[in-house]
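1. quick one, what's the 3D model for this:
(one chain, ligands or ions: 2)
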Amino acid sequence: MAMLREYSQAAQAVQGPVPGARGSRDTGLKLEGAEPIVRMENIRKTFHQGGREVVALDGINLEVKRGEIFGIIGLSGAGKSTLVRCVNLLERPDSGTVWVDGLEVSNLTEQELRRQRRKIGMIFQHFNLLASRTALANVAFPLEIAGVPRKQREERARQLLELVGLGGRERSYPSQLSGGQKQRVGIARALASEPKLLLCDEPTSALDPQTTRSILRLLAEINQRLGLTILLITHEMAVIKEICDRVAVIENGRILESGSVLEVFTQPQAATTQAFVSSATSAEIPPDILERPANGHGAQVLVRVTFLGRDAGEPHLSRMVRRFDVDANILYGQIDHIGRTPYGTLVVEVTGSQDAVEAALGHLAQGGLQVEVLRRVERNDVATAG
Ligand SMILES: Nc1ncnc2c1ncn2[C@@H]1O[C@H](COP(=O)(O)OP(=O)(O)OP(=O)(O)O)[C@@H](O)[C@H]1O
Ligand SMILES: [Mg+2]
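-> Ligands and ions are numbered 1, 2, ... in the order given. The predicted model follows:
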């Protein structure tokens, strides 16, 4: 029984292989406006359980561009797994249309579907490896099903294990490998059929933070080197921040918002998105800073200034101080990265006459920085003191 389950899980992961080598791959360029590799239109999926209807997907519209790493983030039960399973049609939507690589897949016959699935690899949170097979035999499994001769498939599996950093571990069984190594085998197996699209269902949720980072780095490298499009689902914004180009936030089977990771990080709209973002940016300001007593020189405004990329805060601040006759006291700061883009936060106390402070803050905002007032103290008595 356990064996049977093991094989059916592994078979899910395998999805129909393609024997032998294929021609040249995409270049890996993330072309704006290119035809999307995945398109979902108005997807609805319900499950029936004990007389109750569960709406897992409630009108999903989504496009994944060729060559990008697209992330879908949501809490448990949001519909993430159902969504990716509707891409390779492990689940059939009740209604709506799914296109993969230019072909409408939602109305294919089983046989056509099997052929189409060869273009799609998949990896899982719990790896779904065959415990009774070595790493090499796990990776060779899809090729074996496709009837690739032993020598050829073992050679290919060896190359793939090398690619994922497991050269020399061909003979290890899953029980002899760490979680990160098992996921590397899972990735190598998913690549065996030379897919155009890799679906990742919480690929790092069972791993510690350091191993998570190394697996994400491997996925990013595969995306770059092979031009492989990756559709990844997760409940961790840190994962999105680390490797995704674009992201969609899903809740109760609906997409709340989507956009470039940079956009969503810097201007999250929905409350759920804001919670995800703050969990990943550790933008919590120490409370003692927020509660500092006012020390009274005219207006005293505590602001959070956010800057992106090369748009560093310092020149803006020193220019503001010179030009507007205000003081700027930096109380707190941190720099983080979204992909390769630096993303910084400064908490600054700006003091001066009320007019000068307002003009200075307006100047910062005009300079393209995001300025958020955290606290404002106005002391009428000081207007005359200076
Ligand atoms: N086979 C099924 N039968 C009945 N209900 C299901 C089935 N699969 C999913 N559901 C329900 O559909 C909803 C979405 O489930 P899904 O597995 O897609 O969520 P998820 O976002 O992947 O969650 P998690 O982060 O916990 O994996 C949930 O309410 C779930 O209980
Ligand atoms: Mg899931």
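2. quick one, what contacts E162?
-> Residues near E162 by C-beta atoms under 8 Å, 6 or more residues apart in numbering: none. Bear in mind the C-beta positions are built from the backbone N, C-alpha and C, glycine included.
3. model confidence over the strand or helix carrying it, on average?
-> E162 is part of helix 150-163, with elements assigned from DSSP states H and E. Here the mean pLDDT over helix 150-163 is 97, rounded to a whole number.
4. put the alpha carbons of it into CSV.
-> Listed in CSV are the C-alpha atoms of helix 150-163, where the atom choice follows Å, rounded to 0.1, in the frame of the first residue of the first chain:
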residue,chain,number,x,y,z
ARG,A,150,19.4,2.4,-19.7
LYS,A,151,22.8,3.8,-20.7
GLN,A,152,21.4,6.9,-22.1
ARG,A,153,19.1,7.7,-19.2
GLU,A,154,21.7,7.0,-16.6
GLU,A,155,24.1,9.3,-18.4
ARG,A,156,21.5,12.1,-18.5
ALA,A,157,20.6,11.5,-14.9
ARG,A,158,24.2,11.8,-13.9
GLN,A,159,24.5,15.1,-15.8
LEU,A,160,21.4,16.4,-14.0
LEU,A,161,22.7,15.4,-10.6
GLU,A,162,25.9,17.2,-11.4
LEU,A,163,23.9,20.3,-12.5
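5. any idea how far that helix is from the middle of the chain?
-> Helix 150-163 sits 29 Å away from the centroid of its parent chain (C-alpha atoms, centre = their mean, to the nearest Å).
6. would you mark the buried spots in it?
-> Counting neighbours by 16 or more other C-beta atoms under 10 Å, one finds that the buried residues in helix 150-163 are 153-154, 156-158, 160-161, 163.
7. from those, which single one is nearest ligand 1?
-> Taking C-beta to the nearest ligand atom as the measure, L160 is the one of these closest to ligand 1, at 27.2 Å.
8. apart from its neighbours in sequence, what residue is nearest that closest one?
-> Leaving out its chain neighbours, the residue that sits closest to L160 by C-beta to C-beta, 6 or more residues apart in numbering is A188, at 3.9 Å.
9. and the stretch 1-150 of the chain, which of its residues are near ligand 1?
-> Counting by C-beta under 6 Å from any ligand atom, the stretch 1-150 of the chain comes close to ligand 1 at 47, 49, 54, 56, 74, 76-82.
10. mind checking which of those land in strands?
-> When those are checked against strands (DSSP state E), the matches are 47, 49, 54, 56.
11. what ranges do the strands span in the stretch 51-200 of the chain?
-> Counting by DSSP state E, counting those that start in this stretch, the stretch 51-200 of the chain has strands at residues 52-65, 69-73, 95-100, 103-104, 120-124, 197-201.
12. one step back: who wins for neighbours among the ones in strands among the residues of the stretch 1-150 of the chain next to ligand 1?
-> Scoring those on neighbours with other C-beta atoms under 10 Å, the highest-scoring entry is A56 at 24 neighbours.
13. that residue reaches V84, doesn't it?
-> No - shown here, A56 and V84 do not form a contact pair, counting by C-beta atoms under 8 Å, at 11.8 Å.
14. tally of neighbours for the residue in the stretch 251-386 of the chain positioned nearest to ligand 1?
-> Of the residues in the stretch 251-386 of the chain, the one nearest ligand 1 is G253, at a distance of 7.0 Å by C-beta to the nearest ligand atom. One way to gauge burial is a neighbour count; for G253, by other C-beta under 10 Å, it gives 23.
15. got a pLDDT number for it?
-> As summarised for this prediction, G253 has a pLDDT of 98.
16. that one and A56 touch, don't they?
-> Yes - under the criterion of C-beta under 8 Å, G253 makes contact with A56 at 5.5 Å.
17. so what sits against both of these two?
-> Common neighbours of G253 and A56, using C-beta under 8 Å, 6+ apart, are 45, 79, 82.
18. so which of these wins on neighbours?
-> Among the shared contacts of G253 and A56, G79 has the most neighbours (other C-beta under 10 Å), with 25 neighbours.
19. now do the contacts for the residue nearest to that residue when sequence neighbours are not counted.
-> Spatially, and ignoring its direct neighbours in sequence, G79 is nearest to G253 (4.2 Å; C-beta to C-beta, 6+ apart). Counting by C-beta under 8 Å, 6+ apart, G253 touches 45, 55-60, 78-79, 82.
20. can you name the two of the residues you listed that sit furthest apart?
-> Taking C-beta to C-beta, the two most distant members of those are G59 and A78; they sit 14.0 Å apart.
21. which one's more surrounded, those two?
-> Under the criterion of other C-beta under 10 Å, the comparison of G59 against A78 puts A78 first, with 24 against 14.
22. before we move on, which element is the closest residue to that one other than its chain neighbours in?
-> Spatial nearest neighbour of A78, chain neighbours left out: I250 (4.7 Å); criterion: C-beta to C-beta, 6+ apart. When elements are defined using DSSP H and E, I250 is found to belong to strand 246-251.
23. let me know the angle separating that strand from strand 69-73.
-> Taking axes from the mean of the first three to the mean of the last three C-alpha atoms, to 10 degrees, one finds strand 246-251 and strand 69-73 inclined to each other by 20 degrees.
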